[in-house]
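Student: Below is the structure, and that's it, no one-letter string:
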């Protein structure tokens, strides 16, 4: 009798995140860490590692709802060191429980999103300082593409991801465009000598359409899972 052969394990994805946990005071807080490694260019609005440049990791760290530190970049750098990563990376922060994240794939593009929606509204809204106090919240999005993009296409990909985020929030039943502290990180491969560098990432381009669909599904899942 021939022994059954187990099915092959699926190959790891492009954006494999590792869950982290830590104790702060009397709270257990969590994080998501992507060890991207070398060969990535990222664009991000994050407080740590924002802008455009070579980055090798992304940390999405949960903080307490009463967060009062005024040096979040330093705090994120400390958390990254504790997680064992070194070198340049991107640090995102949220009061949401990041264990309720959404993860989606489309045509080689992957997206991971966490959604804290206690504070939400429309981007073009009342002047700063007029909003009433509410529970903190943030939508954080990380996108990875297996191809190289120009700087302009990286900016375009951020815009595409943001449009998809708003569409997903509306589809999930939220009457808003997001929260005041939403952040995004798009990672694309660093170009090698013979690599094609793609110049477009709008929603009707090949790679932009994949970004939009992956982000939409990831945000929709996170928003539905983490509904207050």
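Tutor: Nice, thanks for sending it over. Keep in mind the model is a prediction, meaning the values are calculated, not measured.
Student: Show me what the lengthiest strand in the chain is in contact with.
Tutor: Counting by DSSP state E, the longest strand found in the chain is strand 27-35. By Cβ atoms under 8 Å, 6 or more residues apart in numbering, the residues outside strand 27-35 that reach it are 15-23, 56-64, 79, 83, 85, 97-99, 101, 112, 114, 142, 144. Every residue, glycine included, has its C-beta placed from N, CA and C.
Student: what's the average pLDDT for the one helix or strand residue 217 maps to?
Tutor: Assigned by DSSP states H and E, residue 217 belongs to helix 206-225. Averaged across helix 206-225, pLDDT comes to 97.
Student: quick one: buried residues of it?
Tutor: Across helix 206-225, burial judged by 16 or more other Cβ atoms under 10 Å covers 207-224.
Student: same check, this time on stretch 46-57
Tutor: Of all the residues in stretch 46-57, those buried under the rule 16+ other Cβ under 10 Å are 46-50, 55-57.
Student: and it, how far from the chain's centre?
Tutor: Taking Cα atoms, centre = their mean, to the nearest Å, one finds the center of stretch 46-57 at 12 Å from the center of the full chain.
Student: For residue 100, grab phi and psi.
Tutor: Phi and psi for residue 100, reported as degrees, to the nearest 10, are phi -90, psi 50.
Student: so it sits right up against residue 116, yeah?
Tutor: No: applying Cβ atoms under 8 Å as the test, residue 100 and residue 116 come out as separate, 9.4 Å apart.
Student: how about the helices in the chain?
Tutor: Along the chain, counting by DSSP state H, helices occupy 72-82, 151-171, 206-225.
Student: Dump these into JSON lines; add distance to residue 180 as well.
Tutor: Conversion of the helices of the chain to JSON lines gives the following (distance: least, Cβ to Cβ, whole Å):
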{"stretch": "helix 72-82", "distance to residue 180": "15"}
{"stretch": "helix 151-171", "distance to residue 180": "14"}
{"stretch": "helix 206-225", "distance to residue 180": "16"}
